[in-house]
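Trainee: just a sequence and a predicted model for now, questions to come.
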Amino acid sequence: MAFDVTVECQRGDRTITAEFASDAGLTALFGPSGAGKTSVLNMVAGLLRPDAGRIAVGGRVLFDARARIALPARHRRAGYVFQDGRLFPHMRVRDNLTYGWNLAAPADRWMDLAEATRFLGIGPLLDRWPRTLSGGEAQRVAIGRALLSAPRFLLMDEPLASLDRARRTEIIEVIERIRDDLKLPILYVSHDREEVERLAKTIVPIG
Amino acid sequence: MTSFFTLTADEWEIIALSLKVSGVAVLACLPVAFVLAWLLARGRFPGRIVLDALVHLPLVLPPVVTGWLLLLAFGSNGPAGRWFAHVLGITFMFRWTGAALAAAVMALPLMVRAMRLSIEAVDRRLEQAATTFGASPARVFATITVPLAFPGILAGVVLGFARSLGEFGATITFVSDIPGETRTLPIAIYGALQLPDNEAAVTRLALMAVALSLAALITSELLARRTGRGGGGHGV
């Protein structure tokens, strides 16, 4: 079982709930904007604490309300690709990419900078500042930073949302290669049916 | 024969003392100001509004009142004054340390303001991102928060230094006008103005004040440019 999630969380005046279990491959949280998909992702990442439920990824329990387990975000080993990129603006691309890599235990690392730059085709960008990157370039770097942080699974929040059609196809192919070649479990948020049907093995409706 | 641009020994002493007092004031104030800025920007505790008001008090209080309060607290019989004398062996009365203390207190609100704004401007989501990549709170602070807030911290330091150079009211009330100890540039100018037919001396001292202030402003601008290279906008 890749993702095994049952969560409930009060956000303002509404309750976000999600319950799903999925095998390897890409699991898509699919639903309209504002349904709480990102909140579910944040609960899995450890950035938002559920009021009740249990979260396990690859058999490892990250959160269990009843057993009083709540692993801090920094120990969950999630590779998070945020919707807005969130590259660190004061670091060059190279330092963004190696941020998580430097923090990971050497034994946990399964990719190095050279492999990641080749995989994503971002070699020429290494000495650039994030603000000089196009949307597609920034998204590749964000994916590279997540892959290099020695993650056990990826969380992707609408990674295509800010891209034009040509760039979308490029990034979709990258995601497919992560799914198929690297065999990394991916929890993926989207409101685009076409995108979800192309990429996902399991589709979880939210909201 | 000496030219107009040759400084006398007295003038050198005044300038050196001014720089020493302002420099020490800013260095001593920096950690205090940063902690206060952090508490006001990020802290959620009862009494935050009161703390905010207390920090800003020297900005709105007549400086002479600030100086008098310093006398009460840090004078030889004041509670804080006795503590510093016994525990750290530092006395403030009629000494340059007192001038530095007065300058630090007057600079504090400006430094806290600049730093607080820059801490508040740090995107919390970037800190969250760093957390998911395995960074401990201390590392997030050192690698994300401080570097992103750095231009504001620097602005606070420069602002505080400039304010300290110009400090007059609280200083003269607290530690009076003592050549070589507390006679900083503004106090020397005021003293020179009290003497008849002393226009030339006043003019020279005033020009020095202009030069020092200009140098501080230009330095801050150059520093801001150097640190500004990497900061600024976000990639998507």
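Mentor: Perfect, I can see it now. Not measured: the values here are computed from a predicted model.
Trainee: mean confidence score for the lengthiest helix in chain B?
Mentor: Taking DSSP state H as the criterion, chain B has its longest helix at helix B:9-42. Averaging pLDDT along helix B:9-42 yields 93.
Trainee: show residues contacting whatever helix or strand comes next after that helix.
Mentor: Downstream of helix B:9-42, the next assigned helix or strand under DSSP states H and E is helix B:48-60. By C-beta atoms under 8 Å, 6 or more residues apart in numbering or on different chains, the surrounding residues in contact with helix B:48-60 are B:Leu36, B:Leu39, B:Leu40, B:Thr66, B:Val105, B:Met106, B:Leu108, B:Pro109, B:Leu110, B:Val112, B:Arg113, B:Ala170. Where you see a C-beta, it was placed from the backbone N, CA and C, and this is true even at glycine.
Trainee: now swap in stretch B:215-222 and tell me
Mentor: Under C-beta under 8 Å, 6+ apart, the answer for stretch B:215-222 is B:Leu154, B:Ala155, B:Val158, B:Phe161, B:Ala162, B:Leu165.
Trainee: farthest pair within these?
Mentor: Spatially, the most separated pair among the contacts of stretch B:215-222 is B:Leu154 and B:Leu165, at 16.8 Å (C-beta to C-beta).
Trainee: and the helix or strand of chain B with the lowest mean pLDDT, how far out from the chain middle?
Mentor: Least confident helix or strand, chain B: helix B:199-228 with a mean of 83, by mean pLDDT, DSSP states H and E. Mean-position distance between helix B:199-228 and its chain equals 15 Å (C-alpha atoms, centre = their mean, to the nearest Å).
Trainee: same check on stretch B:108-117?
Mentor: 10 Å.
Trainee: what comes up buried for it?
Mentor: Neighbour-count burial for stretch B:108-117, counted by 16 or more other C-beta atoms under 10 Å in any protein chain shown, picks out B:Leu108, B:Pro109, B:Leu110, B:Met111, B:Val112, B:Arg113, B:Ala114, B:Met115, B:Arg116.
Trainee: what does stretch B:95-106 give?
Mentor: Neighbour-count burial for stretch B:95-106, counted by 16+ other C-beta under 10 Å, picks out B:Trp96, B:Thr97, B:Gly98, B:Ala99, B:Ala100, B:Leu101, B:Ala102, B:Ala103, B:Ala104, B:Val105, B:Met106.
Trainee: report whether the helix or strand hosting the fourth one contacts chain A.
Mentor: Think B:Ala99. Assessed by DSSP H and E, B:Ala99 sits inside helix B:96-121. No - counting by C-beta under 8 Å from any C-beta of the partner chain, chain A has no neighbours in helix B:96-121; the shortest distance is 11.8 Å.
Trainee: then stretch B:122-131?
Mentor: Yes - against chain A, stretch B:122-131 shows contacts by C-beta under 8 Å from any C-beta at B:Asp123, B:Arg125, B:Leu126, B:Gln128, B:Ala129, B:Ala130, B:Thr131.
Trainee: so of the residues you listed, which ones are in helices?
Mentor: B:Arg125, B:Leu126, B:Gln128, B:Ala129, B:Ala130, B:Thr131.
Trainee: hmm, which of these are the buried ones?
Mentor: Buried subset of these (neighbour count, 16+ other C-beta under 10 Å): B:Leu126, B:Gln128, B:Ala129, B:Ala130, B:Thr131.
Trainee: quick check: the fourth one touching B:Phe141?
Mentor: Think B:Ala130. No - with contact defined as C-beta atoms under 8 Å, B:Ala130 does not count as touching B:Phe141 (9.7 Å).
Trainee: where does pLDDT dip in the chain?
Mentor: Defaulting to chain A. Within chain A, the set of residues satisfying pLDDT under 70 is empty.
Trainee: wait, chain B
Mentor: B:1-3, B:226-236.
Trainee: quick one on the thing from earlier: B:Leu154 and B:Leu165: who's more crowded?
Mentor: Each of B:Leu154 and B:Leu165 has its neighbours counted (other C-beta atoms under 10 Å in any protein chain shown); B:Leu165 has more, 23 against 18.
Trainee: and the one helix or strand the more buried one maps to, which residues are buried?
Mentor: Using DSSP H and E, B:Leu165 sits in helix B:146-166. For helix B:146-166, a neighbour-count test (16+ other C-beta under 10 Å) marks B:147-166 as buried.
Trainee: state the distance from the residue nearest the centre of chain B to chain A.
Mentor: Central residue of chain B (C-alpha atoms, centre = their mean): B:Gly160, 3.1 Å from the mean position. Distance, B:Gly160 to chain A, using C-beta to the nearest C-beta, to the nearest Å: 23 Å.
Trainee: helix, strand, or coil at the residue nearest to A:Phe30 when sequence neighbours are not counted?
Mentor: Excluding the flanking residues, the one nearest A:Phe30 by C-beta to C-beta, 6 or more residues apart in numbering or on different chains is A:Val196, at 4.9 Å. Following DSSP: H, G, I helix; E, B strand; the rest coil, A:Val196 is assigned to helix.
Trainee: measure A:Val196 to B:Pro31 for me?
Mentor: Distance check for A:Val196 against B:Pro31: by C-beta to C-beta, to the nearest Å, it reads 52 Å.
Trainee: neighbour count for those two, which is higher?
Mentor: Neighbour count, other C-beta under 10 Å: between A:Val196 and B:Pro31, A:Val196 has more, with 19 against 9.
Trainee: thought that one was touching A:Ala28?
Mentor: Yes - shown here, A:Val196 and A:Ala28 form a contact pair, counting by C-beta under 8 Å, at 4.4 Å.
Trainee: do a quick rundown of the strands in chain A.
Mentor: All strands of chain A, identified by DSSP state E, fall at A:3-11, A:14-22, A:26-30, A:52-57, A:60-64, A:69-70, A:78-81, A:153-157, A:186-190, A:202-205.
Trainee: adding distance to B:Ser76 and mean neighbour count as columns, could you present the ones you listed in a markdown table?
Mentor: As requested, the strands of chain A are arranged in a markdown table below (distance: least, C-beta to C-beta, whole Å; neighbours: other C-beta atoms under 10 Å in any protein chain shown):
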| stretch | distance to B:Ser76 | mean neighbour count |
| --- | --- | --- |
| strand A:3-11 | 59 | 18 |
| strand A:14-22 | 64 | 17 |
| strand A:26-30 | 70 | 26 |
| strand A:52-57 | 63 | 19 |
| strand A:60-64 | 60 | 18 |
| strand A:69-70 | 55 | 14 |
| strand A:78-81 | 59 | 27 |
| strand A:153-157 | 63 | 24 |
| strand A:186-190 | 67 | 25 |
| strand A:202-205 | 73 | 18 |
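Trainee: closest one to B:Leu17 among those strands?
Mentor: Going by C-beta to C-beta, the one of the strands of chain A nearest B:Leu17 is strand A:78-81, 54.5 Å.
Trainee: elements contacting the closest one?
Mentor: For strand A:78-81, the packing partners by 3 or more C-beta pairs under 8 Å, 6 or more residues apart in numbering or on different chains; DSSP states H and E come out as helix A:37-45, helix A:135-148, strand A:153-157, helix B:124-132.
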